[in-house]
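Participant: dropping a prediction and its sequence here:
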Amino acid sequence: MSDAPYAYFTVRVLGSERLTPSMVRVTFGGDDVARMASAGRDQRIKLLLPHPGQDEPVVPDAAEADWYTAWRALDPDVRGVMRTYTVRELRRDPDELIVDFALHGDLGPASRWAQLAPVGAPIGVLAPVGEENAGYDFRPPEDSDWVLLTGDESAIPAVAGILESLPEAVPARVWIELRDPADRQELPARPGDEIVWLTGHGTTADAIRSAALPSGPSYAWIAGESATVRAVRRHLVGERGLDRRRVKFSGYWRAGASETDLQNKNEAA
């Protein structure tokens, strides 16, 4: 996989902290972290986690030419549990990978692992080896006068990374939907940014519908639970008349379905 845009890395837990009732931050280290890259913003990576009773995830050899196909060929009850996460930060000197885990109500395998992960626990990571890669979606046109960001708890790490990447001259209007007000976090907002925190599932579209938005060329980035994402996109494109090419939307999760469920559907197709 040395010539591929992504590579498989092994990292170990250096420590963790509870940021809010529904968010755990885990810091990873190891020699492999020095070879990882990130575009910042909403950079995606794949984490490979062990099943209960396993000391480390079962995965194909890192040198496998088609690593993902080889992983899919393994027994789903044995192979490492794959989950998609955002790089909150890729630090240098020392080399550390920071990932924030949103703890959803039913506590799926990644949430359970993040709450219990002991220092030294190994996991696998599929991550880019170059800063320019296909694993991030926030790509506003150069003529954007302002940006609109919406999400829920699962999107907070990406929203924070995006705000850190924005030029000072490009303000952001941000709506973040929480199940619990205690999950509110400090975000790297700048002068001119407006951040609205909402409580209650499905409230984002209504809040944006009633808001007065700035004029001028814009770019919208929408992420979080799939149904809410679709509702916000329909409003922006259908009711507000935004150019659909300037609206990026990503369903980070789907109510009632795990990422494993969605992976199995793809395998069956």
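Facilitator: Yep, that arrived.
Participant: can you give me the helices in this protein?
Facilitator: With helices called from DSSP state H, the chain shows them at 67-73, 109-116, 156-165, 204-209, 226-234, 259-268.
Participant: so for residue 190, which of these sits nearest?
Facilitator: Closest approach to residue 190 among these (CB to CB): helix 156-165, 7.2 Å. Bear in mind the C-beta positions are built from the backbone N, C-alpha and C, glycine included.
Participant: what packs against the closest one?
Facilitator: strand 81-91, strand 96-102, strand 146-152, strand 172-178 (3 or more CB pairs under 8 Å, 6 or more residues apart in numbering; DSSP states H and E).
Participant: which one of those has the most crowded surroundings?
Facilitator: Mean neighbours per residue, mean count of other CB atoms under 10 Å, is largest over the helices and strands packed on helix 156-165 for strand 146-152, with a mean of 25.
Participant: residue contacts, residue 12?
Facilitator: 28-30, 120-123 (CB atoms under 8 Å, 6 or more residues apart in numbering).
Participant: mind listing which of these are in strands?
Facilitator: 28-29, 122-123 (DSSP state E).
Participant: ChimeraX command to pick out the buried ones of the residues you listed?
Facilitator: Provided next is the ChimeraX selection string for whichever of the ones in strands among the contacts of residue 12 are buried by 16 or more other CB atoms under 10 Å:
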select :28,29,123
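Participant: could the helices of the chain be laid out in TSV, adding mean pLDDT, distance to residue 90 and mean neighbour count?
Facilitator: Shown next, in TSV, are those (pLDDT from 0 to 100; distance: least, CB to CB, whole Å; neighbours: other CB atoms under 10 Å):
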stretch	mean pLDDT	distance to residue 90	mean neighbour count
helix 67-73	94	21	15
helix 109-116	91	18	18
helix 156-165	97	10	22
helix 204-209	95	29	19
helix 226-234	96	26	19
helix 259-268	55	22	12
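Participant: fine by me, we can end here.
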